[in-house]
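[1] need a 3D model of the sequence below.
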Amino acid sequence: MDLLDRDGLTEREFLERYQPGDYERPSVAADMVIFTVTDAEADSYRKLPEKELRVLLIRRGGHPFLGKWALPGGFVRPDETTEQAAARELREETGVEDVYLEQLYTFSDVGRDPRTWVMSCSYMALINSDQVKLQAGDDAADAAWFKVTYRLMRESKELTGDGYIKTLQYELKLISEDAELTAVVEKTITVKPSSTATAYAVVSNDGLAFDHAKMIALAIERLRGKVNYTDIALHLMPGLFTLTELQQVYEVILDKELLKAAFRRKVADLVTETDHYTENAGHRPSRLFRRKMEE
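    Have a look, this model is predicted:
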């Protein structure tokens, strides 16, 4: 027997009469924070190149924010999930697929897009730079990798009646061959006896479209948090690498130097040594390792 609702309707009758237009619906976008790690130029052929954490940005070729830099992304199509849309955008912008991809956050602030009500389901992707072939999409004038740094500028703590509010301000800096973008992102943590709430706000912004400074900030914090207890950094490495190169990647993500012995103990269970060695002129050959795959 079909169940009846308060109006005496079966589910089939209810769906036949349902009017979607009675409720305003948002557009849904999938935006991508795509990280890679590249080599900076070495001062000498005898010196190992430094590593740089980079994020992919596209220069917008149309309104709104014409000429500003933005994360790659687009609207979710009716026949795909947000994750499928993210994978499609990744493939269209970089030519890469089957890489590390995880959902970051859903951004739904009122007025975040001047066109209409747009919610963005953001994703973080990690790719090996050797795989990438940049190609700007239809709505983009250009695509480029930007060196990214995210550093704490100041912090403060205010006691409340039943807890405290901690405020941290970070400088986000993005540098490419042709552009330098900066933003200040404020993180507010409100702690009460029974709850903790975290909010982000863009205090100042020079050159980034929409609320993408906030997205990049959250992605960096997610990456830094997970690098301490997972093998997530291995997704930024080529098939074979030295432990020194891997340590450089950890250091550029965390933005701090690590002790060599402690680091090697930390990653011992994450990598497997091979019988291959580096062949770099000017350097003593180093053993190459690969990511350890779970059996």
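
[2] quick check: L90 is in a strand.
    No. Using DSSP: H, G, I helix; E, B strand; the rest coil, the assignment for L90 is helix, not a strand.

[3] can I assume it is in contact with L101?
    Yes. Counting by C-beta atoms under 8 Å, L101 is a contact partner of L90 at 7.1 Å. For the C-beta atoms, the positions are set from N, CA and C on the backbone; glycine is no exception.

[4] overlap of the contact sets of the two?
    Common neighbours of L90 and L101, counting by C-beta atoms under 8 Å, 6 or more residues apart in numbering, are A125.

[5] settle it for me: which of the two has more neighbours?
    Using other C-beta atoms under 10 Å, the more surrounded residue of L90 and L101 is L90, with 24 against 18.

[6] can you pull out the helices in the stretch 101-250 of the chain?
    212-227, 243-254 (DSSP state H, counting those that start in this stretch).

[7] of those, which is nearest R54?
    Nearest to R54, of all these, is helix 243-254, at 9.7 Å by C-beta to C-beta.

[8] could you pull up phi and psi at Q84?
    The phi/psi pair for Q84 (degrees, to the nearest 10) reads phi -70, psi -40.

[9] strands of the stretch 1-150 of the chain, start to end?
    For the stretch 1-150 of the chain, the strands defined by DSSP state E, counting those that start in this stretch occupy 27-39, 51-60, 69-70, 73-75, 100-107, 118-126, 140-159.

[10] name the helices or strands packed onto the second one?
    I take that to be strand 51-60. Counting contacts by 3 or more C-beta pairs under 8 Å, 6 or more residues apart in numbering; DSSP states H and E, strand 51-60 packs against strand 27-39, strand 69-70, helix 82-94, strand 140-159, helix 243-254.

[11] CSV for those, including distance to R291 and mean pLDDT?
    Below are these laid out as CSV (distance: least, C-beta to C-beta, whole Å; pLDDT from 0 to 100):
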stretch, distance to R291, mean pLDDT
strand 27-39, 14, 94
strand 69-70, 32, 96
helix 82-94, 20, 90
strand 140-159, 23, 91
helix 243-254, 10, 96
